[in-house]
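Visitor: Predicted model follows, preceded by the sequence.
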Amino acid sequence: MVIYRNSLEELLSPLVLSDSQLYQLLEETNGSAWETPDLVSSLRDRLGHNYLPFKSSIKQLNKKVVLFGHKLQLDDKLKPSWVSDSGHIDTKARDSFFKHPLNRIRGGFNSEKYKQLLLLVQDDINRIATLTSGAIALEPLRLDRKQKANAAYWTRFPIHAQQLYECLNSRWSSQCHCQCPHEASLRLELHKDASNRAAIFKILFSFDKDLATSNLPWDWRAVEIEPSEDTNRITTQRAQVSPRIIVHSAPGTQRSWIRCMQAAPKISDLCKALKDGARTACCIGVLDDVAFKHHIHSAVLPNVQENNHKRTTLQDILEKRAGIGFQIKEKCTLALTLADAVLQLHDTPWLGETWSTKDIFILSHGQTPILLSQPYVSKSFTSPTNATQFCGSKHRIIKNATVFALGIALLEISYGRRLITFETPDDLDDHGNRTLLTDYLIADRLVESIHTRELPNFANAARRCVHCNFDGVVYSLKNDSFRENFYQGVIVPLQQDYDYATMPVVSA
């Protein structure tokens, strides 16, 4: 029992379980306590490949203990009949039990069977101890490998995003034959574990309605873009990454992408190709550049009726709700999505250095926003000089403007109001004008009391972003150390809140 308890407590202690849950895992033998989804997920992370044999050993051990208790005439709580729930011993009942001839004879004849069963129980306990100790010993190595894989992914993703923008901008910065300004809306995605993921972009192609004429060749086109290397054009220099564009298509189409890419015609005009392939279900061609290939499949924009949808900004939603705020699931989803976006799109034209909730778009149908869990950032390709000009703060107190902007967004999501609505005369200069410090002064005041309205994870993440409170002296997300500190200090806690808020409700 000492070996068993030590092994389980060593395994479970980092998971911060409640006393009642820990008691169920250590004391009860029905095994149901080991099946809760959050515990299963945590144990899989800790044990890795050892999880399934560990789970099997726990199950077999509980069965053998119950069988052993039955043979020894113990009750369901594995106590003798003369011991009460409070631990009081009825000595008369105990003496009567052992004086009974059948009990004495049965115990003698079955002693060898009991010994063998006890050895089987001991084997299961030793196996559990070996599996847990081995997994715990390897945990730092697995974590280090996972962090390196994540770091490599988060290093590549902004590069891919930059290349994707340049690819589209080279075609649409000067108006194409349709004489309409093109627009690309990049969907902000949640990437819980990036170590085994490819960098995939989901894009809605459209036109800038404010600048476009009334006669548009097409309305909306949904695409997925997966960067991949063109192995036929790798030079002695660093290999270029080639985005492969794939419009949302029916299930099963993905298997044909590789086969049809060989025979697909080359596309010289992306706008015309999107128009001509609007209702086809097959590959419509390949954009073949000097360094890139874009494999395109056509499809219909999902869940939205064409010509009856628009975008609304997150800032507009905050103003319309006027302090009502968001539900817990919406809040956790938006917070994690925006934090992921900072990690994915920093220092790229997709997300300006001084971005705000005005730059985050939600697709809406009529007057109703469609899924706050699916925000976008948009870029309009109107002229060769429309590339984003970064204009970061010149004040030393704001060490990273992009991260500070995330802190403001978290505050606005928490309070359900724009930051400017909290402005006081003390936040302005002597003439009543806003300064470079105005937003910081407001954010600093709000973040100091956010712990009274939010859970610790959300509050701490917002505080770190506003004050750029991360270990180290470099404050650029291009720096591996700062990026890892941002991931651990902001992404991880917000991910924990998101997992809790979106956890399926188990009915009683």
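Guide: That came in fine, so what should we check first?
Visitor: Distance check, Trp172 against Gln179.
Guide: In this view, Trp172 and Gln179 are 12 Å apart by Cβ to Cβ, to the nearest Å. Every C-beta, even on glycine, is put in place using the N, C-alpha and C of the backbone.
Visitor: who's more crowded, the two?
Guide: Applying other Cβ atoms under 10 Å to Trp172 and Gln179 shows that Trp172 carries more neighbours, namely 22 against 10.
Visitor: Give me the distance between the more buried one and Ser378.
Guide: Trp172 is 13 Å from Ser378, by Cβ to Cβ.
Visitor: And for Gln327?
Guide: For Gln327, the distance to Ser378 - Cβ to Cβ - is 25 Å.
Visitor: Provide the backbone phi and psi angles at Pro80.
Guide: phi -60, psi 160 (degrees, to the nearest 10).
Visitor: What strand or helix carries Thr155?
Guide: helix 111-172 (DSSP states H and E).
Visitor: elements contacting the helix or strand following that helix?
Guide: With elements assigned by DSSP H and E, the helix or strand that comes after helix 111-172 is strand 182-187. The contact analysis (3 or more Cβ pairs under 8 Å, 6 or more residues apart in numbering; DSSP states H and E) places strand 182-187 against helix 111-172, strand 201-207, strand 375-381.
Visitor: Counting by contacts, list what the second one packs against.
Guide: Packing contacts for strand 201-207, counted by 3+ Cβ pairs under 8 Å, 6+ apart, involve helix 111-172, strand 182-187, strand 221-229.
Visitor: Give me whichever of the ones you listed is most buried.
Guide: strand 182-187 (a mean of 22; mean count of other Cβ atoms under 10 Å).
Visitor: returning to that earlier point: neighbour count for Gln327 and Ser378, which is higher?
Guide: Ser378 (18 against 11).
Visitor: Next, the contact list for the more buried one, please.
Guide: With contacts defined as Cβ atoms under 8 Å, 6 or more residues apart in numbering, Ser378 is in contact with Glu183, Ala184, Ser185, Leu186, Arg311, Phe361.
Visitor: Go again with 7 Å.
Guide: Ser378 makes contacts with Glu183, Ala184, Ser185, Phe361, as judged by Cβ atoms under 7 Å, 6 or more residues apart in numbering.
Visitor: Identify the bridge partners of it.
Guide: Ser378 has these beta-bridge partners by DSSP bridges: Ser185.
Visitor: Could you report the separation of it from Asn150?
Guide: In this structure, Ser378 and Asn150 are 27 Å apart, going by Cβ to Cβ.
Visitor: Distance of Lys99 relative to Ser111?
Guide: Per Cβ to Cβ, Lys99 is found 18 Å from Ser111.
Visitor: What does Thr348 show for phi and psi?
Guide: phi -120, psi 160.
Visitor: For Asp85, see how far away it is.
Guide: 64 Å.
Visitor: Which of these two has more residues huddled nearby?
Guide: Of the pair Thr348 and Asp85, Thr348 is the one with more neighbours under other Cβ under 10 Å, namely 23 against 8.
Visitor: The more buried one contacts Pro158, correct?
Guide: Yes. Judged on Cβ atoms under 7 Å, Thr348 makes contact with Pro158 at a distance of 5.4 Å.
Visitor: circling back: what angle separates the helix holding Thr155 from strand 182-187?
Guide: Compare the direction of helix 111-172 with that of strand 182-187 by axes from the mean of the first three to the mean of the last three Cα atoms, to 10 degrees and you get 170 degrees.
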